[in-house]
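Chemist: A predicted structure for the sequence below; I have some questions about it.
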Amino acid sequence: MSDASNQGGLISSARAVGDAFVAQISGEVDLNNSPELRSALLGILSRHRPGRLVLNLAAVPYMDSSAIAVLVEMLRKLGKGGKLILTDLQPRVRGLMEIARLDSIFIVAANEQEALTK
């Protein structure tokens, strides 16, 4: 397990686990700070080139469409065979995913342990 924590910002911790990279996202993600999340996640993808990107959203009470756009972009950047797995969704975020039917695009897991088996 390799630690690559991003001190401060929206990514409170990040680490490589095999072919996966797990990042803990913290705080609301909206139009004001989604560019920061985008930049941080693009950096992770370019430095580590994971086959699976696991985003723990336990500490994300809210995200808007700009945050969803960042997630869609990361899924595309992972390329064919790459997986974006979202874990620990809060009720408001889970509701947004279900209403927009994004739970059919992203893999949703109950927790990081489950995500790492997908």
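Modeler: Yep, it's here.

Chemist: ranges for the strands of this structure?
Modeler: 2-3, 11-17, 20-26, 52-59, 83-87, 107-109 (DSSP state E).

Chemist: could these go into a markdown table alongside distance to residue 40 and mean neighbour count?
Modeler: Using the backbone N, CA and C atoms, a C-beta is placed for each residue, glycine as well. Below are the strands of the chain laid out as a markdown table (distance: least, CB to CB, whole Å; neighbours: other CB atoms under 10 Å):
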| stretch | distance to residue 40 | mean neighbour count |
| --- | --- | --- |
| strand 2-3 | 15 | 8 |
| strand 11-17 | 5 | 18 |
| strand 20-26 | 8 | 21 |
| strand 52-59 | 11 | 21 |
| strand 83-87 | 15 | 21 |
| strand 107-109 | 20 | 19 |
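
Chemist: Residue 94: which of those is closest?
Modeler: Set against residue 94 and scored by CB to CB, the strands of the chain come closest in strand 107-109, at 7.8 Å.

Chemist: so the residue positioned nearest the centre of the chain bridges to which residues?
Modeler: In the chain, the residue lying closest to the centroid (CA atoms, centre = their mean) is residue 55, at 3.0 Å. Counting by DSSP bridges, residue 55 forms beta bridges with residue 23, residue 86.

Chemist: gap between the residue nearest to residue 75 when sequence neighbours are not counted and residue 32?
Modeler: Nearest residue to residue 75, sequence neighbours excluded (CB to CB, 6 or more residues apart in numbering): residue 84, at 4.4 Å. Residue 84 is 23 Å from residue 32, where distance means CB to CB, to the nearest Å.

Chemist: now residue 118
Modeler: Counting by CB to CB - residue 118 and residue 32 are separated by 31 Å.

Chemist: Give me the more crowded residue out of those two.
Modeler: Counted by other CB atoms under 10 Å, residue 118 and residue 32 do not tie: residue 118 has more neighbours, with 13 against 10.

Chemist: I'd guessed that one sits against residue 84; true?
Modeler: No. Applying CB atoms under 8 Å as the test, residue 118 and residue 84 come out as separate, 10.5 Å apart.

Chemist: Give the residues shared as contacts by these two.
Modeler: Taking CB atoms under 8 Å, 6 or more residues apart in numbering as the contact rule, residue 118 and residue 84 both touch 52, 107.
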